[in-house]
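*Asks:* Next one to model:
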Amino acid sequence: MTDQLELPELTELTVAVRHLINASRELSARLSRELGVNGTDMAALSLLEQHGPMGPSELAASLGIRSASVTVLIDRLEQAGHVERVRSSSDRRRVAVMTTPSAHRATLGAVVPTIRAIDEISRGLDEHDQQVVRRFLDAVTRTMSTRDPSRPEG
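*Replies:* The predicted structure is shown next:
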């Protein structure tokens, strides 16, 4: 009897996705070192760069951490000059966290060369291949974002 937790022989494409995931982790770790932050702090900065200002509870939920932990994280990033708390003009009780211009420049400076190189690779594909790769990557992303990929969403 085979163990259900053992992986079957994987296709070359699946192995390539695993390599991509590992390269993404390595890139994130390198960016963390360059910015002088830990992995969770880097994840928070990435979320804020990608989605814009977020409330502390929204940031905590996105990171999968407790609200007390996100408060410490925001304090640490604020002290380092990477984020700032901004009060809502319509409701002074509401606070949003956003990256500072210097953190934005540092983050972009660290990732732009990689993004440009990836874009150049993408532009080297004809339109049909770009569509096939995009559909594949979208499906992989959905699968990775699903709590239990063996069960259909809905």
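
*Asks:* Let me see the contact set for Asp41.
*Replies:* Counting by Cβ atoms under 8 Å, 6 or more residues apart in numbering, Asp41 makes contact with Ser32, Leu73, Arg76, Leu77, His82. For every residue, glycine as well, the C-beta is placed using N, CA and C.

*Asks:* Tell me the buried residues within these.
*Replies:* Ser32, Leu73, Arg76, Leu77, His82 (16 or more other Cβ atoms under 10 Å).

*Asks:* Chain neighbours aside, what residue packs nearest to the fourth one?
*Replies:* Which is Leu77. Nearest non-adjacent residue to Leu77, counting by Cβ to Cβ, 6 or more residues apart in numbering: Val83, 4.3 Å away.

*Asks:* swap in the first one?
*Replies:* In space, and not counting its chain neighbours, Ser32 is closest to Met42: 4.1 Å by Cβ to Cβ, 6+ apart.

*Asks:* How many residues are close by the one you found?
*Replies:* 22 (other Cβ atoms under 10 Å).
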